[in-house]
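A.B. asks: Below are the sequence and a predicted model; questions follow.
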Amino acid sequence: MAARNYKKVFYAGVLLLSLGGAVMLATSLGTDFWVRAEVKRDLGTVNVSQTQGGTLNIGLFRGCKTFPVLEKCGFQVTEEDVGRNITYQPSHPMVAATIAFNAGAILMGLIAVSFSAYNVFTNPIETFAGPMGLYIWNGVSAVFCLVCLILYAVLYHLYLSGNSLLTQTEIGSKFYVETSGFGYSYWLVVGALAAFLVNEGLVYLSGKHIRSVFQNRSGSMKERPSEDVLMY
């Protein structure tokens, strides 16, 4: 009984981490900080250097610019507003794939939540509903998160870093990107990936603990007959 309760503690941890992973993924999908950049505008002359600063952030659906003399938030991320080398919008194949794998990871994470709850509150006899199911759903969620991260990293390095974030008009107005990088929306997916990988470890540890308990019990049962042998 103690071993069974100990196992459920592990499953409760899997439940909480799966739920946390799904929440992080949903937050990343709905926020606009997959990429964040510091933007400057050079207003200097031949003898005097003068700059103005601002920021730009974009998500999978919308973005916001707070440049000097230009503030535009809630815009749809299309070619007219972001980038010179890509039509950056949800219908672009790489953006669409990023969204799809993010949504798929959320779905798999929610399934992992339900399987974890099932193991916490009941004792399933089906192999697929027990630890094997937890391995599968958390593993698939982790793979989806990893693919999502790789897709967006490739998209960023090809099209969305440095001055590639600016339109030709903005560059002609002497705007330039001073620094750019991934925002917190991207790192939330990294956090979700870590949560699902930790879940794999928790499921493994719960099974390892149970096996060791059974082995100890088996050993103790083998020793008992020798203790009860009558000496003649």
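C.D. replies: Looks like it came in fine. Numbering: from 1, shown residues only.
A.B. asks: next SSE after the least confident helix or strand in the chain by mean pLDDT?
C.D. replies: Of all the helices and strands that make up the chain, strand 70-76 has the lowest average by mean pLDDT, DSSP states H and E, namely a mean of 63. Past strand 70-76, heading to the C-terminal end, the next element that is a helix or strand (DSSP states H and E) is helix 93-121.
A.B. asks: packing partners for that following helix?
C.D. replies: Contacting helix 93-121 under the criterion 3 or more Cβ pairs under 8 Å, 6 or more residues apart in numbering; DSSP states H and E are the following elements: helix 2-30, helix 131-159, helix 184-227. Where you see a C-beta, it was placed from the backbone N, CA and C, and this is true even at glycine.
A.B. asks: which ones are touching the spatially most central residue of the chain?
C.D. replies: Geometric centre of the chain, nearest residue: Val189, 1.9 Å, by Cα atoms, centre = their mean. In this structure, Val189 makes contact with 24-25, 28, 102, 105, 145, 148-149, judged by Cβ atoms under 8 Å, 6 or more residues apart in numbering.
A.B. asks: Same question for Leu151.
C.D. replies: Leu151 is in contact with 94, 97-98, 101, counting by Cβ under 8 Å, 6+ apart.
A.B. asks: got the residues you listed as CSV, with pLDDT and distance to Val39 columns?
C.D. replies: Shown next, in CSV, are the contacts of Leu151 (pLDDT from 0 to 100; distance: Cβ to Cβ, whole Å):
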residue, pLDDT, distance to Val39
Met94, 87, 23
Ala97, 94, 28
Thr98, 95, 24
Phe101, 97, 29
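A.B. asks: I'd like to know which of these is nearest to Arg62.
C.D. replies: Of all these, Arg62 sits closest to Thr98, with 14.7 Å by Cβ to Cβ.
A.B. asks: Could you count how many residues lie near that closest one?
C.D. replies: 25 (other Cβ atoms under 10 Å).
A.B. asks: wait, doesn't it sit right on Tyr152?
C.D. replies: Yes: with the criterion set as Cβ atoms under 8 Å, Thr98 and Tyr152 qualify as a contacting pair; they are 5.0 Å apart.
A.B. asks: Next up, the contacts around the nearest residue to Ala12 once chain neighbours are set aside.
C.D. replies: Sequence neighbours aside, Val120 is the residue nearest to Ala12 in space, at 5.4 Å (criterion: Cβ to Cβ, 6 or more residues apart in numbering). Residues touching Val120, when contacts are defined by Cβ under 8 Å, 6+ apart, comprise 8, 11-12, 15.
A.B. asks: same thing with Thr31?
C.D. replies: Thr31 makes contact with 59, 184-185, 188 under the criterion Cβ under 8 Å, 6+ apart.
A.B. asks: again, only this time at 6 Å
C.D. replies: Taking Cβ atoms under 6 Å, 6 or more residues apart in numbering as the criterion, Thr31 is in contact with 59, 185.
A.B. asks: Show me where this structure dips below the pLDDT cut-off.
C.D. replies: Under the criterion pLDDT under 70, the flagged ranges of the chain are 1-4, 44-51, 68-72, 74-89, 124-129, 208-232.
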